[in-house]
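[1] Sequence and predicted structure are below.
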Amino acid sequence: DRVEACLLLGDNIYEEGVHSVDDEQFQSKFEKPYHNLEKPFYLLLGNHDYGNGHFDDNEKRHLFQIEYSHKSEKWNMPDTYYKKAFGPCDFFFLDTNIDCMDSDSIQKQLKEMKEMIRSSKKRYKILCGHHTWRSIGGHGNADKQFEGFMQDLLKDVTVDMYMCGHDHCKNHSVVTLPNQKKVHNVVIGTGGKVYDENMKFMENLDKGDFDLEVHSPYLGYLVFHATNKQLMLKFYNEENVLEYDFLIKNAW
């Protein structure tokens with residue numbers, strides 16, 4: 001099947017982001033590695049794109065990644081958060097760096113993202129962010145601030161899936177919300193840095209609201225195939241060997 005696009009779920013320029021729209025890292029860490037992959041990329045912001053706490057960020061380095069969309073035919077990040085449609089799916093790209101925002105910015109994103117999701121007419125609604133919401137990897141479950149954001153968002157709108165990076169592993173779990181709605185939760189942060197296989201924390205399941213389906217510590221990627229009748233997701237390792245797949249036939 002034809003691949004329509006590629007998604008990068010944050011930490012696009014590792015490890016401290018870029019210093020300008022002309023930063024050489026756009027070439028060395030994006031254009032050159034993906035030279036042979038002639039597809040549009042859609043990206044969102046990770047903590048490393050903000051500088052990973054190493055700087056006071058007066059230069060707002062993450063905004064250079066938005067600006068770079070005007071210089072690259074492949075790189076697409078129209079804003080810090082946005083919506084993009086592919087086939088029967090709407091993908092909603094969040095900026096989950098809540099700790100880098102003031103309260104007004106957080107509430108603005110929350111309000112506008114609710115409106116985007118509510119207005120979607122697509123069969124499937126896929127929420128994308130960088131930070132983990134539920135995970136048995138090293139970063140684990142969401143911190144209090146991000147958890148509050150997700151609860152505020154999902155009490156008012158319905159999505160089929162949350163996809164993220166941050167943990168350098170693969171997870172698939174199913175989260176049950178307080179209103180008993182269910183959301184598929186996918187961690188796919190295995191596009192770069194090798195992971196410590198021992199960083200598997202089953203005690204994170206003590207949160208009690210999610211059931212783990214699979215975990216893998218190996219580098220790799222996720223292939224997402226959607227039709228009007230079903231979603232098929234396949235995890236591959238870096239040798240292009242299928243590790244795990246799952247099928248979603250109905251929206252919750």
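    Okay, I see it.
[2] Report the mean confidence score over the host helix or strand of Phe64.
    Using DSSP states H and E, Phe64 falls within helix 62-67. For helix 62-67, mean pLDDT rounds to 97.
[3] helix or strand right after it?
    Remark: after helix 62-67, the chain's next helix or strand is strand 75-76, criterion DSSP H and E.
[4] Quick check: buried residues in the next helix or strand after that next one?
    The helix or strand immediately downstream of strand 75-76 is strand 82-86, counting by DSSP H and E. Residues of strand 82-86 classed as buried by neighbour count (16 or more other C-beta atoms under 10 Å): Tyr82, Lys83, Lys84, Phe86. C-beta: built from backbone N, CA, C; applies to glycine.
[5] Is the first one bridged to anything, and to what?
    Applying DSSP bridges to Tyr82 gives these bridge partners: Phe93.
[6] Pretty sure it sits against Asp95.
    No: between Tyr82 and Asp95 there is no contact under C-beta atoms under 8 Å: 9.6 Å.
[7] Contacts made by the helix holding Phe64 with the rest, please.
    12-13, 17-21, 23, 43, 45, 49-50, 75, 77-80, 97, 100 (C-beta atoms under 8 Å, 6 or more residues apart in numbering).
[8] buried sites along that helix?
    Buried, per 16+ other C-beta under 10 Å, within helix 62-67: His62, Leu63, Phe64, Gln65, Ile66.
[9] Same list, those, but as CSV with distance to Tyr195 please.
    CSV is the format used below for the buried residues of helix 62-67 (distance: C-beta to C-beta, whole Å):
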residue, distance to Tyr195
His62, 25
Leu63, 30
Phe64, 28
Gln65, 24
Ile66, 29
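[10] Which single one of those is nearest to Gln180?
    His62 (36.2 Å; C-beta to C-beta).
[11] which intervals of the chain have sub-threshold pLDDT?
    Low-confidence segments of the chain, defined by pLDDT under 70: 1, 53-59, 250-252.
[12] could you pull out the strands for it?
    Under the criterion DSSP state E, the chain contains strands at 6-8, 41-43, 75-76, 82-86, 89-93, 124-128, 161-164, 170-176, 182-188, 210-216, 220-226, 231-237, 242-248.
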